[in-house]
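In: Pasting a predicted model and its sequence here:
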Amino acid sequence: MKRKRLISMILALMLALCLLPAAMAAGLPFTDVPDGAWYASDVENAYLLGLINGKAPDKFAPDDNMTYAEAVKLAACMHQNAADGSITLKNGNPWYKTYVDYAKDNYIISKDYDWNAPATRAGYLEIFANALPFSMLSERNYVPEGGIPDVPISHPQAYEIYMMYRAGIVQGVDANFNCSPDSNIKRSEVAAILSRMTDPNMRKDFTVPAPKAPASPDFDYAAAMAVNEYLATATLPGGLKPGYTFEGVYDIYAVYDVDRDGQKELLFSIYNAPVAGQITAVYKLDTATGGLAEEYIGTNATIFLGNGTAICYLSHSTGLETDEYWPYDIYVYNKATDEYDYAASVSYWVKSVRDKDALGNKFPSDIDKDGDGIVALVTDADADGLEYLDGNDFEVWFSRYASESDWETVNDIGWHPLYQAKG
Ligand SMILES: [Ca+2]
Ligand SMILES: [Ca+2]
C-alpha cells in the first residue's frame, strides 16, 4: 500500500515539476487532437512520457486503428520500461519479431495473433492486462462478474477485460459499461490506456451495478452470480462453505467445457481451506431453476481427461506410498445423467517404504510378479473388496479408464485467480 502511494507520488511529482510545465510551454505538435477532445490529456500524457508517437510530425491520427504488431510493441516497451527503467528493444525482422519474442519470454502473450490485422478491444486488453505486474493493476473499482453487459463470463478474454475495468484502466464505451470487445481499438483509446496504466492518478473510479437477471435460464448469468456469491460469502453453489472467509488470491475458477458435452461448465478449485475443503467442483446450468447444479466434486488435485475420466488424487496417503505412487479415485463422466460417477480407487504398496502394513501383513511378494517391489490395490465401485493387481494386469485394468493416448488429451483448463474489490 505504502509503496503504491509512493509510486503515485513520484509520478505526480514528475508530472507536476517537469513534464507538465514543458507540455504547457511546448504543447502537442498534433493538429488533429482538439483541446476539448476526451482523450486530449491522455494523448498529451502518453506522448510526453514517450509511450506513443504521432503517425506524422503533426498528426496523431486518434481515430486510426492499431495492428496487433503495434500493440505488442507498445506492451513490450511498457513492460521493459517498468522492469528495467529503460527501453532497449529495437526492431527485428520482420520488424515486430523482437517485440513478440520479448512479450512471449515475459509472459505478456502466450500465443500468436494475426500480427498485421487491426487489434480488437478484447485482444488489446488481453495483451495489456499482462504487460504490468499484477500488483500494479490492483483493483480499485467494484465490477461484479457479469456486470459488463457485452462481456459474459464465458467470453475468452473476460478475465483480462474485468481486470482492466477493476483497475480503472478502462470503463467501457457507454453509460452501461459496455466494452464493445469485438470492435477495433482506436489510437485515442490506446493513448488513454497507456496513460492510465503508467500513471495511477489518471485511473478512473466507478462502480458497475449487478447484472440483470435474464428472462430465461442462462449459464453465463448463473455462473457469474455464483462467482459473485463466492467472492462475497465464500459459499459455493448448493450452500457448501469449503474454506475460510474470502481474503485474496488463493482460490481459482474457470469456465470450460470439461466434460466435452458442448456446454461450458463453471469450475472452482479451493486452496484457502482446511484439507477437507481443498476441493475442485464442476457446475452446470440447472435449466429447471436457472441456478447451477453440481456435476463433480473431488480434491483440488483432480485431472480431467478429454475422454471423460477424472483422476482425483487424494489428500492423504495410506502410508505405504511414495509421492510418485500416490492414491487416487477414478470418476467417469456419465453422458446420460451429465454427472461424474465414482468408478474405482487405486492405491499402491511400495515395499521400500514399508514391508509390513498397519495390520502387520507382509508385502505380498507373490503378487509382485514383475518383482519391482510395487503392487497396486484396486477397489472397483461395482465389485466388493480390495484386489491386488500387478504389472501388466494393472495396466490392462487401468486401460478401461484411460489409454496412453487419453493422457495426451488432459484438459488445459484456463484457471484464473478469484479476486474482487469489496462491493
Ligand atoms: Ca460441458
Ligand atoms: Ca510390481
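Out: Received, thanks. Ligands and ions are numbered 1, 2, ... in the order given.
In: Please count neighbours and contacts with C-alpha atoms only from this point.
Out: Fine.
In: Contact partners for the residue in the stretch 51-200 of the chain positioned nearest to ligand 2?
Out: Residue nearest to ligand 2 within the stretch 51-200 of the chain (CA to the ion): Ser110, separated by 41.2 Å. Each residue near Ser110 by CA atoms under 8 Å, 6 or more residues apart in numbering is listed here: Lys104.
In: again with the one 10 residues further on
Out: Neighbouring residues of Thr120 by CA under 8 Å, 6+ apart: Pro181, Asp182, Ser183, Asn184, Ile185.
In: What are the boundaries of the helices in this structure?
Out: 2-14, 20-26, 40-48, 68-84, 97-105, 121-128, 158-166, 187-198, 219-233, 391-398 (DSSP state H).
In: Provide the backbone phi and psi angles at Arg140.
Out: Torsion angles at Arg140 (phi, psi; degrees, to the nearest 10) stand at phi -130, psi -20.
In: isn't it right next to Gly168, touching?
Out: Yes - with contact defined as CA atoms under 8 Å, Arg140 counts as touching Gly168 (6.6 Å).
In: can you list residues touching both of these two?
Out: Residues touching both Arg140 and Gly168 by CA under 8 Å, 6+ apart: Asp205.
In: Compare neighbour counts for the two and give me the winner.
Out: Neighbours were counted for Arg140 and for Gly168 using other CA atoms under 10 Å; Gly168 has more, 24 against 18.
In: for that one, what are its contacts?
Out: Contacts for Gly168 (CA under 8 Å, 6+ apart) come out as Glu139, Arg140, Asn141, Arg196, Arg203, Lys204, Asp205, Phe206.
In: Turn those into JSON lines, columns for pLDDT and distance to Glu265.
Out: Below are the contacts of Gly168 laid out as JSON lines (pLDDT from 0 to 100; distance: CA to CA, whole Å):
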{"residue": "Glu139", "pLDDT": "88", "distance to Glu265": "26"}
{"residue": "Arg140", "pLDDT": "92", "distance to Glu265": "29"}
{"residue": "Asn141", "pLDDT": "94", "distance to Glu265": "27"}
{"residue": "Arg196", "pLDDT": "93", "distance to Glu265": "34"}
{"residue": "Arg203", "pLDDT": "95", "distance to Glu265": "34"}
{"residue": "Lys204", "pLDDT": "96", "distance to Glu265": "33"}
{"residue": "Asp205", "pLDDT": "96", "distance to Glu265": "32"}
{"residue": "Phe206", "pLDDT": "97", "distance to Glu265": "30"}
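In: ok, of these, which one's closest to Ala83?
Out: Ala83 has its nearest neighbour among the contacts of Gly168 in Arg196, at 17.4 Å by CA to CA.
In: Next, find the distance separating the residue of the stretch 51-200 of the chain closest to ligand 2 from Pro34.
Out: Ser110 sits 38 Å away from Pro34, going by CA to CA, to the nearest Å.
In: With Met197 instead?
Out: According to CA to CA, Met197 stands 23 Å off from Pro34.
In: How about Arg187?
Out: Arg187 sits 14 Å away from Pro34, going by CA to CA.
In: And the residue of the stretch 51-200 of the chain closest to ligand 1?
Out: Relative to ligand 1, the nearest point of the stretch 51-200 of the chain is Ser154 (12.4 Å; CA to the ion).
In: for that residue, what are its contacts?
Out: Asp220, Val255, Tyr256, Lys264.
In: Go again with 7 Å.
Out: Asp220, Val255 (CA atoms under 7 Å, 6 or more residues apart in numbering).
In: Enumerate the strands of the chain by residue range, in sequence order.
Out: Shown for the chain, the strands assigned by DSSP state E span residues 252-256, 265-269, 279-285, 292-299, 302-304, 309-313, 328-334, 339-350, 374-380, 387-389, 416-417.
In: Using JSON lines, please lay out the ones you listed together with distance to ligand 2, mean neighbour count and mean pLDDT.
Out: Output for the strands of the chain, formatted as JSON lines (distance: least, CA to the ion, whole Å; neighbours: other CA atoms under 10 Å; pLDDT from 0 to 100):
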{"stretch": "strand 252-256", "distance to ligand 2": "38", "mean neighbour count": "21", "mean pLDDT": "96"}
{"stretch": "strand 265-269", "distance to ligand 2": "34", "mean neighbour count": "27", "mean pLDDT": "97"}
{"stretch": "strand 279-285", "distance to ligand 2": "31", "mean neighbour count": "23", "mean pLDDT": "97"}
{"stretch": "strand 292-299", "distance to ligand 2": "27", "mean neighbour count": "21", "mean pLDDT": "98"}
{"stretch": "strand 302-304", "distance to ligand 2": "24", "mean neighbour count": "21", "mean pLDDT": "97"}
{"stretch": "strand 309-313", "distance to ligand 2": "21", "mean neighbour count": "23", "mean pLDDT": "97"}
{"stretch": "strand 328-334", "distance to ligand 2": "18", "mean neighbour count": "21", "mean pLDDT": "98"}
{"stretch": "strand 339-350", "distance to ligand 2": "9", "mean neighbour count": "20", "mean pLDDT": "96"}
{"stretch": "strand 374-380", "distance to ligand 2": "4", "mean neighbour count": "20", "mean pLDDT": "95"}
{"stretch": "strand 387-389", "distance to ligand 2": "8", "mean neighbour count": "17", "mean pLDDT": "93"}
{"stretch": "strand 416-417", "distance to ligand 2": "40", "mean neighbour count": "16", "mean pLDDT": "90"}
